[in-house]
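A.B. asks: Structure, please.
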Amino acid sequence: MNSLLSNIVSLAKQAGKQILSIYHSDFTVEYKADKSPVTAADMAAHQTIYQGLKQITPEIPILSEELTTTDFAERRHWQRYWLIDPLDGTKEFLEKNGEFTINIALIENHVPTLGVIYAPAFDFCYFAGADQGAFKQMAEQEAALLQTSSWKKDSSIIIAISRRHGTDSLQHFLAQFPALNLLRCGSALKFCWLAEGFADVYPRFSPTSEWDTAAGQCILKEAGGTLIDSQGQILRYNTKPSLRNTAFLAVGDKSHAWANYFVYTLRT
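C.D. replies: Numbering: from 1, shown residues only. Predicted coordinates for the structure are as follows:
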């Protein structure tokens, strides 16, 4: 790791310790205006990451799920900024199934060039930097290089999907494959499973925000995969006032004609 990536990994793990201290306590839940839950763990992780980034790179602006007040008129001029989700998978946190993550990404010219996803409950850290490869570190073990797997059309496909966000479009997408295995998971861990070669594709047709995908996109790209929108284009960031993503496919094998499945799904 270069020094910046190493510092961000350490920062994510610091935030993870705070999250776990609340995870193992009796905590209360509040709800945002959009009815999504938020806990003290979300805010504690946000503060740790925000203050840490201010120390590490004081010149780089920060956009967080818990701090989205910056107007597009200002942030549209950002060529480089941090994009963070201090606790991705709050519902997983509430259910105590361990499938929640800390996501930190550096966006440069609308593309994620550094990504860290840390799963505190499992003590797994996934990280990548542009042209540096993607890695997984389990606890304090030596980090292992990640590589996506190739998918052959005549074999069973492994599809990672959300535990909670099924849609008619998702069912149309799945119906195109005569043999498939489904892996259900919350949070950005689905990107990590693709990067590890455990899954072939992660289709998403229900809403996500840019902080949900940026770190995972960087890790997946460096492991050999990609993330495309409905036009077959690589997902880009900070290009519009809304922070909502379009529907997308995260894929391990870039050589496959994934856009064809996408087109069929959206036309059905």
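A.B. asks: Okay, helices next: where are they in the stretch 51-200 of the chain?
C.D. replies: Under the criterion DSSP state H, counting those that start in this stretch, the stretch 51-200 of the chain contains helices at 72-75, 90-95, 168-174, 189-196.
A.B. asks: how close does the residue lying farthest from the centre of the chain sit to G197?
C.D. replies: Within the chain, the residue lying farthest from the chain centre (C-alpha atoms, centre = their mean) is D154, at 29.3 Å. D154 sits 19 Å away from G197, taking C-beta to C-beta, to the nearest Å as the criterion. For glycine as for every other residue, the C-beta is placed from the backbone atoms N, C-alpha and C.
A.B. asks: quick one: buried residues of stretch 158-170?
C.D. replies: For stretch 158-170, burial by neighbour count (16 or more other C-beta atoms under 10 Å) applies to 158-163, 169-170.
A.B. asks: Need the contact partners of it.
C.D. replies: The contact list for stretch 158-170, computed with C-beta atoms under 8 Å, 6 or more residues apart in numbering, reads 91-92, 99, 174, 177, 180-186, 190, 193-194, 198-206, 247, 265-266, 268.
A.B. asks: let's see 6 Å
C.D. replies: 180-184, 186, 190, 193, 199-202, 205-206, 265 (C-beta atoms under 6 Å, 6 or more residues apart in numbering).
A.B. asks: next one: stretch 3-19
C.D. replies: Under C-beta under 6 Å, 6+ apart, the answer for stretch 3-19 is 41, 44-45, 48-49, 52, 56, 102, 104, 114, 116, 118, 120, 125, 127, 129.
A.B. asks: Would you show me how to pick out the buried ones of the residues you listed in ChimeraX?
C.D. replies: The buried residues among the contacts of stretch 3-19 can be selected in ChimeraX (16+ other C-beta under 10 Å) with this line:
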select :41,44,45,48,49,52,102,104,114,116,118,120,125,127,129
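A.B. asks: For L146, state which of the contacts of stretch 3-19 is nearest.
C.D. replies: Distances from L146 to the contacts of stretch 3-19, taken as C-beta to C-beta, are shortest for F127 (9.7 Å).
A.B. asks: burial count for the nearest residue to S64 once chain neighbours are set aside?
C.D. replies: Take S64 and drop its neighbours on the chain: the residue closest to it by C-beta to C-beta, 6 or more residues apart in numbering is I84, 4.7 Å away. Neighbourhood size, I84 [other C-beta atoms under 10 Å]: 29.
A.B. asks: contacting residues around I84?
C.D. replies: So I84 contacts 49, 64, 104 (C-beta under 6 Å, 6+ apart).
A.B. asks: Mind picking the two most distant members of the buried residues of stretch 158-170?
C.D. replies: Checking the buried residues of stretch 158-170 with C-beta to C-beta, the most distant pair is I158 and S169, at 19.5 Å.
A.B. asks: Would you quantify the distance from the residue lying closest to F122 once chain neighbours are set aside to E92?
C.D. replies: Take F122 and drop its neighbours on the chain: the residue closest to it by C-beta to C-beta, 6+ apart is G98, 5.9 Å away. Distance, G98 to E92, by C-beta to C-beta: 7 Å.
A.B. asks: again with S3
C.D. replies: For S3 relative to E92 (C-beta to C-beta), the value is 32 Å.
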